[in-house]
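[1] Sequence and predicted structure, then a few things I'm wondering about:
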Amino acid sequence: MTAASATEAFCEPVLDELDRPQFERALHVDGLDQEIAQLRLRLREGLRNRPDDTKLLHAGLRLLVQALLAQRRLSPTQAEHLSDAAIEVIEAFGASLIEAGSDEEAVEQAVSEEANGEGVDE
């Protein structure tokens, strides 16, 4: 039994009709490039839609780093540096979201004051 047929035999009972064709296509994908791209998209989506969900972001980042490790076969030191760099990017992104939120509040307040005639110089 080949590895692909063993995987099929193992997974077949839990797949519904909609998953089976996708599973068949997934069996023929080589490498991790597409999976890593998907992980990056999902991480970006999580950062945008749920920036306060640190558990989700940590899990997604950890999975991305593991996939990159598998793809590149990084040494533990390289993996640590990659992880640190990714954390810095996420922290910077979070800080920019907080800063953007503050800017939006200031703009909304200025617009409100302008509408109420409070910010108009006569």
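    Done, it's in. Residues are numbered from 1 along each chain as shown.
[2] can I assume Leu32 is in contact with Gln66?
    No. Shown here, Leu32 and Gln66 do not form a contact pair, counting by CB atoms under 8 Å, at 10.1 Å. Bear in mind the C-beta positions are built from the backbone N, C-alpha and C, glycine included.
[3] element containing the residue nearest the centre of the chain, please.
    Closest to where the C-alpha atoms of the chain average out (CA atoms, centre = their mean) is Leu43, at 0.3 Å. Using DSSP states H and E, Leu43 sits within helix 33-49.
[4] Touching that helix from outside, list them.
    Residues from elsewhere that reach helix 33-49 (CB atoms under 8 Å, 6 or more residues apart in numbering): 53, 56-57, 60-61, 63-64, 67-68, 71, 90, 93-94.
[5] who does whichever helix or strand comes after it touch, helix- and strand-wise?
    Moving toward the C-terminus from helix 33-49, the next helix or strand (DSSP H and E) is helix 54-72. Counting contacts by 3 or more CB pairs under 8 Å, 6 or more residues apart in numbering; DSSP states H and E, helix 54-72 packs against helix 33-49, helix 76-115.
[6] now helix 54-72: how far from the chain's centre is it?
    On the basis of CA atoms, centre = their mean, to the nearest Å, helix 54-72 sits 9 Å off its chain's mean C-alpha point.
[7] tell me which residues in that helix are buried?
    Judged by neighbour count using 16 or more other CB atoms under 10 Å, the buried positions of helix 54-72 are Leu56, Leu57, Gly60, Leu61, Leu64, Val65, Ala67, Leu68, Leu69.
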